[in-house]
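Undergrad: mind looking at a prediction? Sequence and model below.
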Amino acid sequence: MRLLKRLILALMLMAALAVGYLWIVFASPYGYSPPENPPAISRQGPHRVFVYGTLRFGVVRWLVYGRWGDPRPSVLPGYHREGLDIERRRDAEVEGYVLTVSRDELKRLDRYERLGVRYSRHRLTLASGRDAWVYARIQP
């Protein structure tokens, strides 16, 4: 009985830590200040965003901007994926998805990617010939 109580307490503590972590990353006003001069968002939307890492997963998109989204398979030519980063390489391509998001959802993606801190956002041309925003890791 004592072991069961400790196990339940440990599970409750882990759940509380997970919820706290998710709140800090996705919703809190702490821990992130947007850059002074982010790439301009010229219109309300929709905006196309090419994703190749954690945002390929619906549950992550739901946590970040509140909906599963409508991902479509796509390819970014001229880049090579290395973990959660991409780098220019003429003979390579990165497979991923294109998401269609609103202006507010794009701002939530900026927060998730820590725009200006961890990632920069660029408008690049996909294999389809259409442009999309792409996040690339900032090199130290």
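TA: Nice, thanks for sending it over.
Undergrad: the top helix by length along the chain - contacts with which helices or strands?
TA: Counting by DSSP state H, the longest helix found in the chain is helix 2-26. Secondary-structure packing of helix 2-26 (3 or more CB pairs under 8 Å, 6 or more residues apart in numbering; DSSP states H and E): helix 58-65, helix 103-112. Just so you know, the C-beta spots here come from the backbone N, C-alpha and C atoms, and that holds for glycine as well.
Undergrad: so for residue 77, which of those helices sits nearest?
TA: helix 103-112 (22.1 Å; CB to CB).
Undergrad: roughly how far is the closest one from the heart of the chain?
TA: Between the centre of helix 103-112 and the centre of its chain there are 9 Å (CA atoms, centre = their mean, to the nearest Å).
Undergrad: go on, stretch 82-102?
TA: For stretch 82-102 - counting by CA atoms, centre = their mean - the centre lies 12 Å from the chain centre.
Undergrad: cool, and stretch 129-140?
TA: The answer for stretch 129-140 is 11 Å, by CA atoms, centre = their mean.
Undergrad: so for it, mean pLDDT?
TA: Here stretch 129-140 scores 92 as its mean pLDDT.
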